[in-house]
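Novice: Have a look; sequence and predicted model below, questions after that.
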Amino acid sequence: MTDSLPLLWLAYAILSLVVLGAGYFAIGFLPRRVRWPLVGLVAGLLWTPWYYAIPATTDDPGFAGFAPAVMITALDLLNRGPGAALLVLSIGALVGAAVGLLISIRPTPPRAGGRRPGHRTAREAYDGRGARQEPSV
């Protein structure tokens, strides 16, 4: 019998990357400073691990291991109410949003005179006669 848990985690990682990529493109209408923290928040929710233990009903030792905290929190809420997994999930979401915010505020190099180099305004693109001035090689 083989241990399929690494394969399960790999499948979960690939599917969560697909969800994050689709979510990033789905909220493309938002500015970058809002989009990255939202994607980071969802990534924090998806990728925060947490320990679980399920007692056995018979003489078996039961199950224990790590799983995504969002799944453990959902099971905790269904079974007995909010537990420590909810706190860990919240911390993971906040850390993810903070990382997303750091990504969104990358420093940009200052522009010379407030414009890009070699960029002409619409007024500068026309000569005095009102005709467009074509570039020369």
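Specialist: Everything's here; your move.
Novice: Would you map the strands across this structure?
Specialist: Using DSSP state E, the strands found in the chain span residues 49-54, 63-68.
Novice: Tell me which other helices or strands the last one touches.
Specialist: Just to be clear, that refers to strand 63-68. In terms of contacts (3 or more C-beta pairs under 8 Å, 6 or more residues apart in numbering; DSSP states H and E), strand 63-68 is packed against strand 49-54. The way it works is simple: take the backbone N, C-alpha and C, and place the C-beta from them, glycine included.
Novice: Tell me if I'm right that residue 86 and residue 73 touch.
Specialist: Yes. Between residue 86 and residue 73 a contact is recorded at 5.1 Å, counting by C-beta atoms under 8 Å.
Novice: Between those two, tell me which one has more neighbours.
Specialist: For residue 86 and residue 73, the more surrounded residue by other C-beta atoms under 10 Å is residue 73, and the numbers stand at 22 against 18.
Novice: which one is the more buried one nearest to, not counting chain neighbours?
Specialist: Closest residue to residue 73 apart from its sequence neighbours, by C-beta to C-beta, 6 or more residues apart in numbering: residue 85 at 4.4 Å.
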